[in-house]
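1. pasting the sequence and the predicted model now:
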Amino acid sequence: MKYLYLLSLLLLGVSCIGDTGNYEYVSAKEILPVTISGLPDKYSVVRSERLHFAPEVDIENNSERYTYSWFITEGTTDGTRPTRRYLADTKDLDYRVLLNAGAWKLSFEVIDLERDIYKRHEIQLTITATPVSLGWYILKDINDETDFDFVNKEGEMYVDVLKSTDSQLAGKAVSMLYQPGQYYQLF
């Protein structure tokens, strides 16, 4: 028993010895001297409109070794790995939104090709199907399919609203009813 006490005391004493390792910690700014600014954290867009972002990227040295990447993933994935959809490999993004309405994550990356590391800015992107709200509705039929145009209070016109959401309604247009805040219905 005396032996166990001495061994425990010895181990306890040894554990208090300071670590004399040679560690040189480097800041993240030294490893990847890149700053991304000029991008929002959240953004909303209507489907079929254009997304345009021109981020400000401050690179402290040799900017030739860096590349850019824009990609988008689903906002919710139900426990599965999200699928990346690459949009551009340029610094500025100009993209016509053709994705389904919902929550998405839009990411911009600056990639260091020599070290294979990157810095990312993520935008919570909300895509809405149509900008339908208060305004004028123009019911029409084209080639025996019903559709409508919409003019909002600011005078912006949205043409072929159903077609722009990949929807179709067969038959000639007869009448239309709009219930604000709920839904629209074609008869």
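-> That came through fine.
2. in three-state terms, label the residue positioned nearest the centre of the chain for me.
-> Centroid-nearest residue in the chain: residue 106, 1.8 Å away (criterion: CA atoms, centre = their mean). The local conformation at residue 106, judged by DSSP: H, G, I helix; E, B strand; the rest coil, is strand.
3. for it, list each beta-bridge partner.
-> With DSSP bridges applied, residue 106 shows beta-bridge pairing to residue 72, residue 123.
4. low-scoring stretches of the protein, by residue?
-> 15-19, 131, 133, 178-187 (pLDDT under 70).
5. domain parsing for it?
-> Domain assignment for the chain by automatic domain parsing gives 30-128, 135-186.
6. could you dump the ones you listed to JSON lines with distance to residue 23?
-> In this view, the C-beta of every residue, glycine as well, is placed from N, C-alpha and C. Formatted as JSON lines, these follow (distance: least, CB to CB, whole Å):
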{"stretch": "domain 30-128", "distance to residue 23": "15"}
{"stretch": "domain 135-186", "distance to residue 23": "57"}
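7. residue 4 is nearest to which of those?
-> Distance to residue 4, taken as CB to CB, is lowest for domain 30-128 among the domains of the chain, at 47.7 Å.
8. can you give me the end-to-end distance of the closest one?
-> This stretch, domain 30-128, spans 41 Å end to end (CA to CA, to the nearest Å).
9. about what we covered before: hmm, the residue nearest to the centre of the chain is touching residue 122, no?
-> Yes: under the criterion of CB atoms under 8 Å, residue 106 makes contact with residue 122 at 7.3 Å.
10. and the residue nearest to the centre of the chain, what is it in contact with?
-> By CB atoms under 8 Å, 6 or more residues apart in numbering, the contact list for residue 106 reads 43, 51, 70-72, 122-123, 125.
11. from the residues you listed, which would you call buried?
-> 51, 70-72, 123, 125 (16 or more other CB atoms under 10 Å).
12. quick one, longest helix in the protein?
-> Counting by DSSP state H, the longest helix found in the chain is helix 2-15.
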